[in-house]
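>>> Output the structure for:
(2 chains)
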Number of protein chains: 2
Amino acid sequence: MASSSSLTLSQAILARAISHHGSNPSSDRVSLSTLTIPTFSGLKSSSSSSSSTKPSRIPRRRMNSSRPVRAAAIETLDKTTETSLVEKSVNTIRFLAIDAVEKANSGHPGLPMGCAPMGHILYDEVMRYNPKNPYWFNRDRFVLSAGHGCMLQYALLHLAGYDSVKEEDLKEFRQWGSKTPGHPENFETPGVEVTTGPLGQGIANAVGLALAEKHLAARFNKPDNEIVDHYTYCILGDGCQMEGISNEVCSLAGHWGLGKLIAFYDDNHISIDGDTEIAFTESVDTRFEGLGWHVIWVKNGNTGYDEIRAAIKEAKAVKDKPTLIKVTTTIGFGSPNKANSYSVHGSALGAKEVDATRKNLGWPYEPFHVPEDVKKHWSRHILDGAALEAEWNAKFAEYEKKYREEAAELKSISSGELPAGWEKALPTYTPESPADATRNLSQQNLNALAKVLPGLLGGSADLASSNMTLLKMFGDFQKDTPEERNVRFGVREHGMGAICNGIALHSPGLIPYCATFFVFTDYMRAAIRISALSEAGVIYVMTHDSIGLGEDGPTHQPVEHLASFRAMPNILMLRPADGNETAGAYKVAVLNRKRPSILALSRQKLPQLAGTSIEGVEKGGYIVSDNSSGNKPDVILMGTGSELEIAAKAAEELRKEGKAVRVVSFVSWELFDEQSDAYKESVLPAAVTARVSIEAGSTFGWEKIVGNKGKAIGIDRFGASAPAGKIYQGYGITAEAVIAAAKQVS
Amino acid sequence: MASSSSLTLSQAILARAISHHGSNPSSDRVSLSTLTIPTFSGLKSSSSSSSSTKPSRIPRRRMNSSRPVRAAAIETLDKTTETSLVEKSVNTIRFLAIDAVEKANSGHPGLPMGCAPMGHILYDEVMRYNPKNPYWFNRDRFVLSAGHGCMLQYALLHLAGYDSVKEEDLKEFRQWGSKTPGHPENFETPGVEVTTGPLGQGIANAVGLALAEKHLAARFNKPDNEIVDHYTYCILGDGCQMEGISNEVCSLAGHWGLGKLIAFYDDNHISIDGDTEIAFTESVDTRFEGLGWHVIWVKNGNTGYDEIRAAIKEAKAVKDKPTLIKVTTTIGFGSPNKANSYSVHGSALGAKEVDATRKNLGWPYEPFHVPEDVKKHWSRHILDGAALEAEWNAKFAEYEKKYREEAAELKSISSGELPAGWEKALPTYTPESPADATRNLSQQNLNALAKVLPGLLGGSADLASSNMTLLKMFGDFQKDTPEERNVRFGVREHGMGAICNGIALHSPGLIPYCATFFVFTDYMRAAIRISALSEAGVIYVMTHDSIGLGEDGPTHQPVEHLASFRAMPNILMLRPADGNETAGAYKVAVLNRKRPSILALSRQKLPQLAGTSIEGVEKGGYIVSDNSSGNKPDVILMGTGSELEIAAKAAEELRKEGKAVRVVSFVSWELFDEQSDAYKESVLPAAVTARVSIEAGSTFGWEKIVGNKGKAIGIDRFGASAPAGKIYQGYGITAEAVIAAAKQVS
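The predicted structure is shown next:
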């Protein structure tokens, strides 16, 4: 194992403080199971002995802000800040959390109280960031996967000088319109990278952020200029560890060797239902070794500052593996009567216990007070951060001079500005173009776009050859070829989606796509919802989008999925019918950088239809063919995706019988909703109530479009295992059914 | 570690055949990574040397079917069946799979060809079942988690004599209306226990089945009569292993010590995208040790029959842990040109390669032919199975004599017949009853029902105290207290749902419930869909069902979830408004044993409304109050759950102004849809188009009910973090809004 050699790097200084895992896990497990969590009295003596009574001072070296800033983070690892000041800062964090939760009478004080030491060390000593520009490209990323502990992050952002979290924001914790919502939300609070709270999402986002860094570093760094160079830190709790998604993504992180991903596992043995003993007795250490991680155990996360520092140093020295630092903490540390119990997890302490905690930790200050020396100590980050960014900007200027082309690409990725004329790369089709499955047409689009969009990368959950997602000009993103752009996610849909959220939120110009069968959006729905909520413009390439997949049967045939995403806010559900519509769907998806798009694509071959267009798709619903005049067709036939062909066929038949028939493609309901009333009336005149829709999915929601007098043809039951044509016939998804319905309603 | 002692049990006979894991995982990893998968030529010589040329005979001891049947399974582990016949049987299984896939020109031959040896040993030598009664209560359960390989199971059911899979059914593989669909479906094929295909679900179902066995055994077994005593076997593949859900449930299986769960990991190194090296390099062995499993490695799963037998024997000897038998196999074993490649995973071999495989394995028979000696060998299972069931029935008769009360309970569980008058236990409420959150009212119902329903058991994903799901009269189901009924799932929603599917499908009278916040149905949606598809009557207790949960914010506030489940086939989405409606929802949920129910419940307090009733809920939509006459109200106000109160308030105000207002509760759209047209007209007269609905969720779908002229008040955006009342005001979910809309439409 590669880890054993890396251990030697810091073994000497760590021998006492840190337990290494790897050589003999079974004995580790013994030590784990015999570990007793420090009782409160123990905590009290260790924490109050050195707190706030001693005078503290800002270390001299901080006075000189002209020293090379890059080195600062490493230097402070050598413990030049006085412990009493560290402890005071740590208690400041604790009480900001306690006070904010108390004022809101809502929230989770336990985690911030337990994790304040690692939070302090990360934001004060280790991480490189610029508080006045939370979007500086080369910043270290921090993700609080245990998002309920968000007051930890708000307190840290406040101390570090971020404008997004002023004292008044802390006082507005969890209130209407505040910048300090109940869980971290990147779209509300600059400085928060991703949106967490649903457990396990954050560590998955962190894997995505670390993947993005590794990829961009491999693509853009030069021997003389490592222009991309930052870490991703994450704090996750017992809850995150239990969620399957975290195992998925940590397996991938180990596989990819994401050495700059450092995750702190807040091992506090308490979850909402009580001691984790009731449901979580696995050896996390052993599991992570199996996943290919470097594992370190900090036994005293409550006051063991040097242990935490040494663990981070060791983690950084291990470059070929991600590191899990298991930090054993006491939830609600400092609370005399509630520490180490579930009661401190998710409720305010209550006035009495807040007082008792103040006494216990020797904290004489008013609520929300930051002591002057702590304030002064942290104040340096504004200057330091500006210097870090300035230094990087200078480095980038050098880079740009020497590597003009790469610099332009990197700029596009970091700014999100799409290269001029990119959309010209989109393929177009005529009715004479060969019939093809939209999954294949999708691959033509992806490969065309990969040539012009430097930030496009992605892959499939072990279905690349079914989803047709391989970029032919690139190889696989792997541990030793991270510059490549085909990502192999394995059969891990949920992790895949959440990793893509991390990639999308790393840089505005990164455009991740990911793929599986449409029905398996069920596995990743929680990640897709976070895409929508957190404004991550992920492109979901979802093939095999109906009973049209045939023999695999109902477990693999989506039915209710189109409706379920049409009901979801801030997401585009696109179901293109042919080549032009697939190109249109990609145009929309690429342009929508602040909302995700789902493309539902067929397994089966579809003809290229007359009248379809990219422009039409951009309007969501549009007229594909019409033999009526004066906006008064006898009947309007509507379809999406593979059923638009059926609507068109039915129209042909009806026209032969002398009917004036309009065919409308409803490729995206959301985009149609956004059009002007006049446009909508031009497509769906209110006076024409004879309307028939056909879609090989649930009819749920179609009433809105076909109206009370119209008819929706669809599937309101599960699918079946048989050849596709047989199922279409058996379920009545046919031109005959459309014709019959049209005659009935008109 | 407990496992080290158990190893001694069979160490002597296994020393050469099986690699033990546990004492030194790092060296295991080395041996794993240096393992070379057997090349085809190697396979050829080892398989063809002893195949079908030697004459085979049925061992003498099989002739006498009056010997104690229970011992049979163990005896055959001692290898009394001639190897040549075993091999012929194994090849029969392989070719039934090859031929069926070939005829359908669709399917997955690779897994059955690789797993045929373990399949044969399980169904022919190990498992106890009665082919003529696939529902015999005490049968061993088998789950093919890698469901795409279903031809393995169909071939085995066919050989074993199940009526559900005759030769003609094999020939109709994957065809319209057949009993042999593209993935195993319990509702189509008796003998198939659960519905698999979506990866990871099967192993989770298996954990549920094993939990059910452990629970029932602990509750009903007596020192003199172990009436519940069977195993759960499962085959899972690389894909299942990658899915997060499998880690969730295997962590629980280890925690619960499910010693009678024996899972075979088909370690074939191939998934759809090629070698698993591209995305799956973790040490599965080490991970499972971390999860608390006993791990055995069978290095030659292709022809190592004795290794497989010995591994099963060892697994059975380890009673306090589940066992993972990693069986290294060659996917598509026997195919000269396609074995050990992804091309054999999911496509027919093609006529040429089928021929080559026949030659290679020395198989001179026509497609679908079962050689006479193989047929004769397997034919004993019909008699044996009948004897096994008869023996058990006699045992149960003894049990019933001695333990009348327990026997009645067990009978109710095994038959699914609910105890007479159970519904009288449901609590009722009057408008004078105290206001309460429906999550609390739900707990009153659960506790009332637990007293009368012997099969009710369940729990929460670490939110028992928020979901209010604890049964106060019972303790926790744990490793050493499996007779208890409160299940602690930890933060593992997806695994929880799928485990409940397994419990529900173990016995018709087991009624599992499980709980989390409604928004986190996103994590478990794939399991919920399988509940609906596989007719598993799981009760989903989903609390915190809207913005009404307040401060936790949009990550925790469901919006589109009601719509998303209303669109799903064969599931009941219930959103009760108060105590009577909660009781009604439980009545419906308990009665619907073949479709799952989701109860959306409030975090916030709600008043007990006049006019609500259990009977009303059973109709899905019903009139709660009305001051109109002649079925002609001026306006109909509709609400569900926490918003029914708002509709009622608005009605009061409007009535003060002289309006004739009807208030309708739409607690379950599905149930309302099932009512007669006359009933529907009596609630929603077509002539009354002035309709207003209010629901704190997406308006998607409401158009169907309020019609084109009505108005749906809801939330078509994400929620917000603030006190609940503030969000209701801010989003306009108010009586004022209803009144204004009512005036607008009427």
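>>> now could you export just the CA positions of stretch A:243-250 as CSV?
Output of stretch A:243-250 as CSV, limited to C-alpha atoms (Å, rounded to 0.1, in the frame of the first residue of the first chain):
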residue,chain,number,x,y,z
GLU,A,243,-25.7,7.7,3.7
GLY,A,244,-24.9,5.5,0.7
ILE,A,245,-24.0,8.4,-1.5
SER,A,246,-20.9,9.1,0.6
ASN,A,247,-19.6,5.6,0.1
GLU,A,248,-20.2,5.9,-3.6
VAL,A,249,-18.2,9.1,-3.9
CYS,A,250,-15.5,8.2,-1.5
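>>> quick check, distance from stretch A:314-333 to the centre of its chain.
Centroid separation for stretch A:314-333 versus its chain: 22 Å, with Cα atoms, centre = their mean, to the nearest Å.
>>> quick one: is that stretch near chain B?
No - for stretch A:314-333 and chain B, the contact criterion (Cβ under 8 Å from any Cβ of the partner chain) is not met; the two come no nearer than 11.9 Å. From N, CA and C alone the C-beta is placed, and that goes for glycine too.
>>> Sort out which residues of stretch A:583-591 are buried, please.
Within stretch A:583-591, the residues that qualify as buried by neighbour count (16 or more other Cβ atoms under 10 Å in any protein chain shown) are A:583, A:584, A:585, A:586, A:587, A:588, A:589, A:590.
>>> What lies in contact with it?
A:418, A:422-423, A:426-429, A:441-442, A:445-446, A:449, A:453, A:511, A:537, A:539, A:572, A:574, A:576, A:597, A:599, A:612-618, A:667-668, A:671 (Cβ atoms under 8 Å, 6 or more residues apart in numbering or on different chains).
>>> Buried ones from those residues, can you make that a ChimeraX selection?
Listed next is the ChimeraX selection for buried residues among the contacts of stretch A:583-591, using 16+ other Cβ under 10 Å:
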select /A:418,422,423,426,427,429,441,442,445,446,449,453,511,537,539,572,574,576,597,599,612,613,614,616,617,618,667,668,671
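>>> Please report how far residue A:621 lies from chain B.
For residue A:621, the distance to chain B equals 16 Å [Cβ to the nearest Cβ, to the nearest Å].
>>> State the pLDDT value of the residue lying closest to that residue once chain neighbours are set aside.
The spatial neighbour of residue A:621 that comes closest, neighbours along the chain excluded (Cβ to Cβ, 6 or more residues apart in numbering or on different chains), is residue A:672 at 3.8 Å. In this model, residue A:672 is scored at 98, pLDDT.
>>> Doesn't residue A:672 lie inside a helix?
Yes - counting by DSSP: H, G, I helix; E, B strand; the rest coil, one finds residue A:672 located in a helix.
>>> Can you get me a residue count around it?
Residue A:672: 20 surrounding residues under other Cβ atoms under 10 Å in any protein chain shown.
>>> That one touches residue A:618, doesn't it?
No - the criterion here is Cβ atoms under 8 Å, and residue A:672 misses it with residue A:618 at 10.4 Å.
>>> Work out for me the element the closest residue in space to residue A:130 that isn't next to it in sequence sits within.
Closest residue in space to residue A:130, ignoring its immediate chain neighbours: residue A:385 at 3.4 Å, by Cβ to Cβ, 6+ apart. Here residue A:385 sits within helix A:372-402, counting by DSSP states H and E.
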